[in-house]
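1. fold the following for me, if possible:
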Amino acid sequence: MFQSLSRLHEDGILGLMAKFRADPSPRKIDLGVGVYRDADGHTPVLDCVRRAEQAVLAAQTTKSYVAAAGRAEFNEAVTDFVLGAAHPAVRDGRSIAVQAPGGCGALRLGAELIRAAAPAVSIHISDPTWGNHAPLLGGSGLALLRYPYYDATARRLRFDAMLEHLSAAAAGDVVLIHACCHNPCGADLALDQWRALIEILERRRLLPFLDLAYQGFGEDAEADVAGLRLVAQSVPECLIATSFSKNLGLYRERVGALLAIGEGAVHAAAVKSHVLQIARGIYSMPPDHGAAIAAHIFADAELRRSWMTELAAMRGRIHAMRVLLAQSLREARADDAFGFLTGQRGLFSLLGATPAAVERLRQEHHVYMTADSRMNLAGVTPHNVAYLGDAICRILG
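-> Numbering: from 1, shown residues only. Coordinates of the predicted model:
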């Protein structure tokens, strides 16, 4: 059977990581892999996570399954964290939450749910978008379309073109929207733009599917979901995929959830029954350890305060590196061509370089980023920023 299979090309990110590890240069800089790193290049275990994990292990008496929907207290806490406890959908019983294996698992659950409900619809994803969106969503069998979002050359949102595209979308189609800290460009919608988008979602009867992977990495945990909450309050139905890989540093624990809002409590219950059946056919039960840690932090006031403090420190470091890199490039070029960096949010920005220029940065200066010139600003430090700025100027002029 397997003799018919040919070897596939290596995943872009995984291949980039391998090249970085093999590079002996002491000046090499990793702006590729999408994880938070501190000034020493480490992805730390948060103190609140370490303390919560100790408490979870001390109280644990079994390794038996929890439930197909995951840990109930985790799902309840996530719903409050994302939507707010006073959200009408929560109050009226129109929202459901199902724990998933990371944000990736939540996205795929959502895609399979859409296919079960309306297999002929298309999902509109932003151009550009995170590289894994297409396989996760398109792998369900749904058709994918691209809406204009960001011009990497001009370094600006294409908001009017986005609205024009979605105004012509077929009624009932799905729109995948980055809730905050857009990956890969870091350019987010302002609240007035969210309102204009909502008007089209309502008028065209489009289903919003919000990807919330970086809550707390933009402005703060509440401000980062302001647009999402406007959407959830305005439309009768929506889906939300959320992840705690970044904001709790629980990457390898695969902690996420799919939230859904229905027109009524009966519809929400029906949605949950389908999501659980889909999950049963894919992975049966979600992993519990990371969700137990997150639930413990949500429930413990002191640990939650500690989490918000640590999250603010991570957010502050990323913003400081944005400012530092923009300043370094401003001094090297004597212009403000890279001033856009300070107005964007989250881990990522697009440099606006061609794949050929990205390859030259790697070969000539040991600077690693994905072929679309996505930079992870967590790879910037006060020690390498001058070298990085000089390298970018040498290649891009």
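
2. what sits against His182?
-> Ser126, Tyr149, Tyr150, Asp188, Gly346, Phe348 (Cβ atoms under 8 Å, 6 or more residues apart in numbering). Glycine gets a C-beta too; all of them are placed from N, C-alpha and C.

3. and the first one, how many neighbours?
-> The one in question is Ser126. For Ser126, the count of nearby residues is 23 (other Cβ atoms under 10 Å).

4. surely it meets His178?
-> Yes: under the criterion of Cβ atoms under 8 Å, Ser126 makes contact with His178 at 6.7 Å.

5. now for Asp30: which residues touch it?
-> Phe20, Gly41, Tyr368, Asn376, Gly379.

6. equivalent analysis for Pro236, please.
-> With Cβ under 8 Å, 6+ apart, Pro236 has these contacts: Ile261, Gly262, Glu263.

7. now it: how far from Leu113?
-> Look at Pro236 and Leu113: by Cβ to Cβ, to the nearest Å, they are 16 Å apart.

8. show me how far the host helix or strand of His165 is from its chain's centre.
-> For His165, the host element (DSSP states H and E) is helix 159-167. Centroid separation between helix 159-167 and its chain, computed with Cα atoms, centre = their mean, to the nearest Å, is 22 Å.

9. circling back to that earlier point, ok, of the contacts of Asp30, which one's closest to Glu199?
-> Of all these, Glu199 sits closest to Asn376, with 34.1 Å by Cβ to Cβ.

10. scan the contacts of His182 and report the most crowded one.
-> Counting neighbours by other Cβ under 10 Å, Gly346 leads the contacts of His182 with 28 neighbours.

11. tell me the strands beside the helix or strand just after the helix holding His165, with direction?
-> Using DSSP H and E, the helix or strand that follows helix 159-167 towards the C-terminus is strand 174-178. Using DSSP bridges, the strands paired with strand 174-178 are strand 122-127 (parallel), strand 207-212 (parallel).

12. tilt between the first one and helix 159-167?
-> Okay, so that is strand 122-127. For strand 122-127 against helix 159-167, the angle by axes from the mean of the first three to the mean of the last three Cα atoms, to 10 degrees is 170 degrees.

13. pLDDT on strand 122-127, on average?
-> Across strand 122-127, pLDDT averages out at 98.

14. which outside residues touch it?
-> 111, 114, 133-134, 137-138, 142-150, 162, 165-166, 169-170, 173-178, 182, 206, 209.

15. for the very next helix or strand once past that strand, packing partners?
-> Next helix or strand after strand 122-127 toward the C-terminus (DSSP H and E): helix 133-138. Packing contacts for helix 133-138, counted by 3 or more Cβ pairs under 8 Å, 6 or more residues apart in numbering; DSSP states H and E, involve helix 102-117, strand 122-127, strand 143-148.

16. in its sheet, which strands sit next to the host helix or strand of Ala97, and in what direction?
-> Using DSSP H and E, Ala97 falls within strand 95-101. Under the criterion DSSP bridges, strand 95-101 sits next to strand 255-261 (antiparallel) in its sheet.

17. from the contact counts, what lies against the helix or strand following the strand it pairs with?
-> Once strand 255-261 ends, the next helix or strand along the chain (criterion: DSSP H and E) is helix 265-282. Packing contacts for helix 265-282, counted by 3+ Cβ pairs under 8 Å, 6+ apart, involve strand 95-101, helix 102-117, strand 255-261.
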